[in-house]
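Colleague: Sequence and predicted structure are below.
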Amino acid sequence: MTTGEINTAEDQSTQAKVETAVLPLVAIVGRPNVGKSTLFNRLVGERRSIVGDEPGITRDRIYGEAEWAGRRFSIVDTGGIVPDDDALIPSNILKQAEFAISEAVALVWVVDTRAGLTPLDEELARLLRTTGKTVLVAANKADAVRLEAHAGEFHRFGYEDVIPLSAEQGDGVAELLDAVVQHLPEREEKQDGVADGSEGTARREVRLAIIGRPNVGKSSLLNRLLGEDRVIVSPVAGTTRDAVDTLLEQDGHAFRLIDTAGIRRKGKTDEMAEKLSVLMARRSLERADVAVVVVDATEGVVALDAHIAGYAVDAGCSVIIAVNKWDAVPDKLTGTPAAFERDLRDMMKFLDYAPVVTISALKGQRVERLLPLALRANEARNRRITTSQLNDFFQRVIDSPRAPTAPAPVKGGRSRLHVQYVTQVGVRPPRFVVFTAGGRAGLHFSYERYLQNRLREEFDFFATPLRIIERHKKRS
């Protein structure tokens, strides 16, 4: 990677609509399997990057935030750099690392003190010098006095800051953070007097997770939304492994887009990294507001699509179904969008409230509809209904003669279960407590569905699951 190549990457990154945040960015770089992801997780204080002994696990850029000595900054973890490897995945890893380097104000170059100097380290030292960026050498795996002494040999590359540390144990990390903070730019004052990067500039972002089976076009969709090659796209199923976060600013709204690994059936995941990536994909749903479930139009809806969508519902996400590769359906002979949606609804009966959009991530067809739908869904999932509105709803809809009778059926002279009133107790997703009396506790699922449908119609809970909780009191 030459200086010209670095500038090209910087130009592309500047043109992109991605807002890597107002915080200064520090990039973690290095050859494969030196402990970059372990150090990244240590600095951000949570397990965001997959860690394992298998080299090449991290492929895309993974972003996080850290705070030290009163300064907050962003950190990006990159895949292991192999400059001369022309294979598809390694070359794309290098491309992603170029973007990270161009965005960063400082670089943390992770080396392995156990392995010592390697020819690849020599290549990377020359490459990093062409960037003109501040380089801090993190001599990792220095968890013994002898190895700590070996870290000194990395001074030969001419970098002033060589910090021996153990990312796994945490030794020396404080010294690295001290050095990072020293090289951060001074805070810039905003017009309103709030320091750049302070809590005063923070806004509530919509967290949008993109999920689906392997190779249905999740990463292509993310790149199309961003207008840049943010994540690696290839015909090889399972290319994405980490849950990749990217901030996007559009029309005054902030989105955190989360591209996840393709979720396979349990019996189909063999590699340790793949199993971890599936677990992290499911974990990413726990912090998402809206899930875009991507379905392959050329293959049709399968049971696994419904299974994956169920993960999103279980996590309380609002759901949008994106039928990708619609442009590749041959002459639409397999059916119109309405016919396809009928099959989809039949497979996903529990998602009758989720909007369906036919798109082409490759050509950009109807992709622009997704973010406005996500905004509408996010607004719905945060909606609170006042007590007076719910009382009126209860009188008109629940307690009316036309409302279905709340089960359970009368048996042996028992009184019938009676719904007394409904109140909202939470949001994200909206949660309602239904107070019942008489009979036996236990609202029938059909009655719960009736309540959910009427609440959704009455208060426009668009694309959003509703939780019904019963509180029962027997009549004396």
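Modeller: Okay, I see it.
Colleague: So which helix or strand of this structure has the lowest pLDDT on average?
Modeller: helix 3-15 (a mean of 38; mean pLDDT, DSSP states H and E).
Colleague: Could you check how far S74 is from E379?
Modeller: Separation of S74 from E379 (C-beta to C-beta, to the nearest Å) stands at 28 Å. In short, each C-beta sits where N, CA and C put it, glycine included.
Colleague: Could you point out which residue ranges in the stretch 251-400 of the chain have low pLDDT?
Modeller: 261-262, 264-281, 331-335, 400 (pLDDT under 70).
Colleague: how does it look with 80?
Modeller: 259-284, 330-337, 398-400 (pLDDT under 80).
Colleague: how about the helices of it, start to end?
Modeller: In the stretch 251-400 of the chain, the helices defined using DSSP state H, counting those that start in this stretch lie at 272-286, 303-314, 337-347, 370-381, 387-393.
Colleague: Just the C-alpha atoms of the last one, please, in PDB.
Modeller: What that stands for is helix 387-393. Extracted C-alpha coordinates of helix 387-393, given in PDB (Å, rounded to 0.1, in the frame of the first residue of the first chain):
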ATOM      1  CA  THR A 387     -53.900   5.900  30.900                       C
ATOM      2  CA  SER A 388     -56.900   7.900  29.600                       C
ATOM      3  CA  GLN A 389     -56.300   6.600  26.000                       C
ATOM      4  CA  LEU A 390     -56.100   3.000  27.200                       C
ATOM      5  CA  ASN A 391     -59.200   3.400  29.300                       C
ATOM      6  CA  ASP A 392     -61.100   4.700  26.300                       C
ATOM      7  CA  PHE A 393     -59.600   1.800  24.200                       C
END
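Colleague: quick one: buried residues of it?
Modeller: 390, 393 (16 or more other C-beta atoms under 10 Å).
Colleague: Quick one: name whatever helix or strand follows it.
Modeller: Under the assignment DSSP states H and E, the closest C-terminal helix or strand after helix 387-393 is strand 418-426.
Colleague: Now do the contacts for C317.
Modeller: C317 is in contact with 209, 285, 288-291, 429, 465, counting by C-beta atoms under 8 Å, 6 or more residues apart in numbering.
Colleague: just F459 next, same as before
Modeller: 383, 385, 389, 393.
Colleague: picking up where we left off before, just among the contacts of C317, which is most surrounded?
Modeller: A291 (32 neighbours; other C-beta atoms under 10 Å).
Colleague: Can you name the residues that contact it?
Modeller: A291 neighbours (C-beta under 8 Å, 6+ apart): 208-211, 285, 309, 312, 315, 317-320.
Colleague: Can you add distance to T118 and give these back as a markdown table?
Modeller: Shown next, in a markdown table, are the contacts of A291 (distance: C-beta to C-beta, whole Å):
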| residue | distance to T118 |
| --- | --- |
| L208 | 40 |
| A209 | 38 |
| I210 | 37 |
| I211 | 38 |
| L285 | 39 |
| A309 | 46 |
| A312 | 44 |
| A315 | 43 |
| C317 | 44 |
| S318 | 48 |
| V319 | 47 |
| I320 | 47 |
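Colleague: Going by distance to D343, which of those wins?
Modeller: Closest approach to D343 among those (C-beta to C-beta): A309, at 14.2 Å.
Colleague: Against I263, how distant is the closest residue to the closest one other than its chain neighbours?
Modeller: Closest residue in space to A309, ignoring its immediate chain neighbours: V293 at 4.8 Å, by C-beta to C-beta, 6 or more residues apart in numbering. Distance from V293 to I263, counting by C-beta to C-beta: 10 Å.
Colleague: For L451, grab the count of nearby residues.
Modeller: Residues near L451, counting by other C-beta under 10 Å, number 21.
Colleague: Report the contact partners of it.
Modeller: 398, 422, 432, 434, 466, 468.
Colleague: Among those residues, name the least confidently predicted one.
Modeller: Looking at the contacts of L451 by pLDDT, the weakest one is I398, with 75.
Colleague: pretty sure that residue is touching F432, no?
Modeller: No: I398 is beyond contact range of F432, at 11.1 Å (criterion: C-beta atoms under 8 Å).
Colleague: what do those two both touch?
Modeller: 422, 451.
Colleague: rewinding a little: and which of the contacts of F459 is nearest N223?
Modeller: R383 (31.9 Å).
Colleague: From R396, how far off is the closest one?
Modeller: Distance from R383 to R396, counting by C-beta to C-beta: 19 Å.
Colleague: more crowded one of these two?
Modeller: Per other C-beta under 10 Å, whichever of R383 and R396 has more neighbours is R383, with 16 against 13.
Colleague: and the more buried one, what is it in contact with?
Modeller: 427, 430, 459-461.
Colleague: G64 too?
Modeller: G64 neighbours (C-beta under 8 Å, 6+ apart): 40, 43-44, 46, 48, 74-77, 245.
Colleague: Looking at it now. What's its pLDDT?
Modeller: For G64, the model assigns a pLDDT of 79.
Colleague: thought I385 was touching V422?
Modeller: No: I385 lies out of contact with V422 (C-beta under 8 Å); the separation is 9.3 Å.
Colleague: out of these two, which sits in the busier spot?
Modeller: For I385 versus V422, the count of surrounding residues by other C-beta under 10 Å is larger for V422: 21 against 18.
Colleague: Show me the beta-bridge partners of the more buried one.
Modeller: Beta-bridge partners recorded for V422 (DSSP bridges): V434.
Colleague: which residues touch it?
Modeller: Taking C-beta under 8 Å, 6+ apart as the test, what V422 contacts is 390, 393-394, 398, 432-435, 451.
Colleague: Sort out for me which of the contacts of G64 are in helices.
Modeller: 40, 43-44 (DSSP state H).
Colleague: Out of the residues you listed, who's the most crowded?
Modeller: F40 (26 neighbours).
Colleague: And that one, how far from V397?
Modeller: As for F40, its distance to V397 is 51 Å (criterion: C-beta to C-beta).
Colleague: neighbours around the closest residue to I469 other than its chain neighbours, how many?
Modeller: Excluding the flanking residues, the one nearest I469 by C-beta to C-beta, 6+ apart is V433, at 4.9 Å. V433 has 15 neighbouring residues, counting by other C-beta under 10 Å.
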